[in-house]
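1. Based on what follows, work out the 3D shape:
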Amino acid sequence: MKLDSLISMASQDGRKTVAVAAAEDSEVLEAVAKAVNLKLADFLLYGNEGEIERMIAAEHPVLADSSSVKIISAPNNTLAAEMAVKAVKNKEADVVMKGNIPTAVILKAVLNKEYGLRTGAVLSHVAVFEVPGYDRFTIVTDAAMNISPDVEQKAQIIKNAVKVAHSIGIDLPKVAPLAAVEVINPAMQATVDAASLTMMNKRGQIPGCIVDGPLALDNAVSQIAAEHKGIKSEVAGKADILLVPAIEVGNVLYKSLIYFANAKVGAVIAGAKAPIVLTSRADSAESKLYSLALALCSASK
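-> Numbering: from 1, shown residues only. Below you'll find the predicted structure:
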């Protein structure tokens with residue numbers, strides 16, 4: 001599967017609007033320009049109006065007269081985040097996107113009790129990778145939000161990832177809760193949690209997917225490795241979603257796929273009332289575009 005397919009999916013789901021907090025960022029504006037060119041969405045750009053206009057004139061003049069873009073002045077980052085979140089809350093936009101703004105500032109607005117986008121669920125990071133040599137997407141969660149989730153939080157993280165998977169056409173995703181070994185060891189909490197999540201899935205507490213674990217990474221993604229170790233499972237070797245036990249594992253796996261495997265990625269924060277595009281400043285415009293497309297697919301469902 002190619003991430004370009006997300007762009008096709010997003011363009012077929014009806015025109016949506018993205019609210020960008022602190023849009024005065026070169027990579028963000030490049031992603032916006034690409035999205036507008038592809039007729040993916042309309043954009044509300046909140047931030048320093050003069051700086052946004054200057055950057056558009058210098059780098060993306062096609063946006064200057066575009067009916068798909070509206071610039072709204074926000075005197076500081078806090079207000080830019082608040083205005084972008086309120087736009088979604090008031091149904092003026094469908095997706096929130098982080099611009100040149102600290103993550104903590106936009107998340108504070110998202111979680112605001114008065115105007116935020118809380119649902120009561122855990123917010124989690126869902127990354128969809130196109131890995132060279134693989135014929136399917138690899139979804140990694142959670143590499144950026146939850147530090148050391150307990151079993152109930154992991155169940156919610158799976159549910160968030162399953163909703164994203166459904167939105168991009170994976171009807172019954174296979175979920176592998178990762179650990180270092182396949183046997184349950186009380187001294188290794190990841191294995192105990194994985195077994196609990198597997199049972200919760202069998203009892204219908206985590207619907208819309210197949211969960212089986214614990215599984216080590218090799219046995220989750222390689223049928224050859226799973227067969228070699230004699231592991232019989234609906235998930236082993238065919239996992240769509242890799243649930244990591246803690247943020248350090250997710251962070252290393254995420255960056256290893258990008259830097260060692262040359263994988264492409266799009267990612268969203270799920271679990272709020274609307275998808276949140278919370279890309280890193282180090283992410284390329286291409287990655288931001290894929291994340292936008294993923295968010296638009298998620299918003300449609």
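2. First-to-last residue distance for stretch 176-192?
-> Length of stretch 176-192, first residue to last, CA to CA, to the nearest Å: 13 Å.
3. as a whole number, average confidence for it?
-> For stretch 176-192, the mean per-residue pLDDT is 96.
4. which stretches of this structure have low pLDDT?
-> Applying pLDDT under 70 to the chain flags residues 281, 301.
5. Closest to the centroid, which residue in it?
-> In the chain, the residue lying closest to the centroid (CA atoms, centre = their mean) is residue 268, at 2.2 Å.
6. contacting residues around that one?
-> 125, 126, 164, 275, 276, 277, 278, 291, 294, 295, 298 (CB atoms under 8 Å, 6 or more residues apart in numbering). C-betas here are computed from N, CA, C, even on glycine.
7. Select from these every entry located in strands.
-> If you go by DSSP state E, the contacts of residue 268 have 125, 126, 276, 277 in strands.
8. could I get those residues as a markdown table with neighbour count and distance to residue 257?
-> Formatted as a markdown table, the ones in strands among the contacts of residue 268 follow (neighbours: other CB atoms under 10 Å; distance: CB to CB, whole Å):
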| residue | neighbour count | distance to residue 257 |
| --- | --- | --- |
| 125 | 25 | 14 |
| 126 | 28 | 14 |
| 276 | 28 | 21 |
| 277 | 26 | 19 |
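9. can you tell me which of these lies nearest to residue 57?
-> The nearest member of the ones in strands among the contacts of residue 268 to residue 57, counting by CB to CB, is residue 277 at 24.3 Å.
10. Wait, the closest one touches residue 99, no?
-> No - counting by CB atoms under 8 Å, residue 277 does not reach residue 99; the two are 9.6 Å apart.
11. May I see the contacts of residue 268 organised as TSV, with distance to residue 261 added?
-> Formatted as TSV, those follow (distance: CB to CB, whole Å):
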residue	distance to residue 261
125	19
126	19
164	21
275	25
276	26
277	23
278	22
291	18
294	19
295	24
298	24
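12. quick check, nearest of those residues to residue 189?
-> residue 125 (20.6 Å).
13. and the closest one, how far is that from residue 86?
-> Residue 125 sits 23 Å away from residue 86, going by CB to CB, to the nearest Å.
14. can you check residue 153 too?
-> 28 Å.
15. and these two? which has more neighbours close in?
-> residue 86 (19 against 16; other CB atoms under 10 Å).
16. so what's the more buried one closest to, chain neighbours aside?
-> Spatially, and ignoring its direct neighbours in sequence, residue 86 is nearest to residue 115 (5.1 Å; CB to CB, 6 or more residues apart in numbering).
17. wait, what's in contact with that neighbour?
-> Here residue 115 is in contact with 82, 85, 86, 89, 109 (criterion: CB under 8 Å, 6+ apart).
18. For the stretch 51-200 of the chain, which segments count as strands?
-> 69-73, 95-98, 124-130, 138-141, 174-177 (DSSP state E, counting those that start in this stretch).
19. May I have the strands that pair with the second one, each with its orientation?
-> Here the strand partners of strand 95-98, with direction, are listed using DSSP bridges: strand 16-21 (parallel), strand 276-277 (parallel).
20. chain center to that strand, what's the gap?
-> Strand 95-98 sits 11 Å away from the centroid of its parent chain (CA atoms, centre = their mean, to the nearest Å).
21. Can I get stretch 85-98 as CSV, trimmed to CA atoms?
-> Only the C-alpha atoms of stretch 85-98 are listed here, as CSV (Å, rounded to 0.1, in the frame of the first residue of the first chain):
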residue,chain,number,x,y,z
VAL,A,85,-9.7,24.5,18.3
LYS,A,86,-12.8,26.7,18.6
ALA,A,87,-13.2,26.6,14.8
VAL,A,88,-13.5,22.8,15.0
LYS,A,89,-15.7,22.9,18.1
ASN,A,90,-18.1,25.3,16.3
LYS,A,91,-18.1,23.1,13.2
GLU,A,92,-16.3,25.7,11.1
ALA,A,93,-13.5,23.2,10.6
ASP,A,94,-13.0,19.4,10.6
VAL,A,95,-9.3,19.0,11.5
VAL,A,96,-6.9,20.9,13.8
MET,A,97,-3.3,21.2,12.5
LYS,A,98,-0.2,22.3,14.5
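22. Many thanks, have a good one.
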